[in-house]
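Undergrad: Model the following, please.
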Amino acid sequence: MKILRLIAGICLFFMVVYPDFAVSEELGLYHKNVLNIANECRSEIVDLFNSYIGSGKLKVNQIFDTFYIPIPNTYPQKYHTQYDMVTDEELRKILDNCLEKDKNFIFVVAVDKNGYLPTHNTKYSQKLTGNPEIDILKNRTKRIFNDRTGLAAARNTEPYLLQSYNRDTGEKMYDLSVPIFINNKHWGALRIGYKEK
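TA: Numbering: from 1, shown residues only. The predicted structure is shown next:
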């Protein structure tokens, strides 16, 4: 009896403290379609990063740079790395194309293992206004999303991770991520945030 009460207490604790959760059941058809799109998008990103390395545009150690340099006068704080100005040129096109593949997609991003997001979709990379309430919605690029859901996605090395997600904008959605490996080394993840049909 004591054991059952203990288990019930533990379950209640996690339900209260951790309202977000990893979705563990078998993927439904819609989630499977999202996973297929994520895998396709991830392949394009890996090809892009490999082309940077092959052409000498970026070195491997630059792509794995985690010396985040704060961008002055930004709130929430934004950061530059050795590669984000480069990825703004072509990575955004890949992410935007993926975003357009389903009307239920809210965002499609690539983050490093610490949750750093070098380049966001065009719709979330609008000019800063200085008004935090507007900028948190329309300029979300170059931030570190190291919340529980963000870090779980960024550091997952399994084939995929599906989570329920409460975004800092108040939206409730799913977050499906697949890991990104560059030169056989875990770089981060491709994340898709979406509302199920």
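Undergrad: how close does residue 86 get to residue 173?
TA: Look at residue 86 and residue 173: by C-beta to C-beta, to the nearest Å, they are 29 Å apart. Where you see a C-beta, it was placed from the backbone N, CA and C, and this is true even at glycine.
Undergrad: Is residue 164 inside a helix or a strand, and which specific one?
TA: Using DSSP states H and E, residue 164 falls within strand 161-166.
Undergrad: Point out where this protein drops to low pLDDT.
TA: 1-25, 197 (pLDDT under 70).
Undergrad: Break down it into its strands, ranges please.
TA: For the chain, the strands defined by DSSP state E occupy 69-71, 78-80, 105-112, 161-166, 172-182, 185-194.
Undergrad: could you dump those to a markdown table with mean neighbour count and distance to residue 27?
TA: Below are these laid out as a markdown table (neighbours: other C-beta atoms under 10 Å; distance: least, C-beta to C-beta, whole Å):
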| stretch | mean neighbour count | distance to residue 27 |
| --- | --- | --- |
| strand 69-71 | 12 | 38 |
| strand 78-80 | 18 | 34 |
| strand 105-112 | 23 | 17 |
| strand 161-166 | 19 | 7 |
| strand 172-182 | 20 | 9 |
| strand 185-194 | 23 | 13 |
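Undergrad: In CSV: those strands, plus distance to residue 137.
TA: CSV is the format used below for those (distance: least, C-beta to C-beta, whole Å):
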stretch, distance to residue 137
strand 69-71, 18
strand 78-80, 15
strand 105-112, 12
strand 161-166, 15
strand 172-182, 15
strand 185-194, 14
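Undergrad: between these, which gets nearest to residue 60?
TA: Smallest distance to residue 60 across the strands of the chain (C-beta to C-beta): 7.0 Å, for strand 172-182.
Undergrad: Could I get the full set of helices for this structure?
TA: Along the chain, counting by DSSP state H, helices occupy 2-17, 29-55, 60-63, 84-99, 132-138, 148-155.
Undergrad: Please identify the deepest-packed of these.
TA: helix 148-155 (a mean of 21; mean count of other C-beta atoms under 10 Å).
Undergrad: by contact count, what packs against it?
TA: With contacts taken as 3 or more C-beta pairs under 8 Å, 6 or more residues apart in numbering; DSSP states H and E, helix 148-155 sits against strand 105-112, strand 161-166, strand 172-182, strand 185-194.
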